[in-house]
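*Asks:* Need the 3D shape of this:
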Amino acid sequence: MGWLAVGYLADALAKSTGTPGPSCMFKRVTTLPCPTCGSGRGSLALLHGDVVAALTYNPLFFTLVGLAGLVLALRFVFARRIEVPLTRRGRRMAWGAFLTLVAANWAYLIIAGI
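*Replies:* Here you go, the predicted structure:
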């Protein structure tokens, strides 16, 4: 919710002043998008009800936001803490899978020119 509020405020500020919103410093320096590039524009798309555009801007970010919302909703409905017990090897595998997803998402952002 906080991310959406920041995106909405940045959009409102940009519209009122006639200047574009803040841009990614990493992209300014390297000309490549950072792994979170598109999250701001995707948040604005989500505020306007366009889920497909939000996923197009940064698929991993908005998938994780959706999963976090689902986990919070389940926790609220069932009033129980949701835990996934993992062994040391399981944690390493989960981190490896997460880093692979981040790399794949970053490659998508670079190829798509986000």
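*Asks:* burial count for residue 51?
*Replies:* Around residue 51 there are 13 other residues, counting by other CB atoms under 10 Å. From N, CA and C alone the C-beta is placed, and that goes for glycine too.
*Asks:* what's it in contact with, if anything?
*Replies:* 45, 62 (CB atoms under 8 Å, 6 or more residues apart in numbering).
*Asks:* roughly how far apart are it and residue 42?
*Replies:* 9 Å (CB to CB, to the nearest Å).
*Asks:* who touches both of these two?
*Replies:* With CB under 8 Å, 6+ apart as the test, residue 51 and residue 42 both reach residue 62.
*Asks:* so how far is the one helix or strand residue 62 maps to from its chain's centroid?
*Replies:* Per DSSP states H and E, residue 62 falls inside helix 59-78. Its chain's C-alpha centre and that of helix 59-78 lie 12 Å apart, by CA atoms, centre = their mean, to the nearest Å.
*Asks:* What residues sit buried inside the next helix or strand after that helix?
*Replies:* Going down the chain from helix 59-78, the next helix or strand is helix 88-112, by DSSP H and E. Going by neighbour count (16 or more other CB atoms under 10 Å), the buried part of helix 88-112 is 105, 106, 108, 109.
*Asks:* Stretch 64-80 too?
*Replies:* residue 65.
*Asks:* Neighbours of residue 15, how many?
*Replies:* Around residue 15 there are 10 other residues, counting by other CB under 10 Å.
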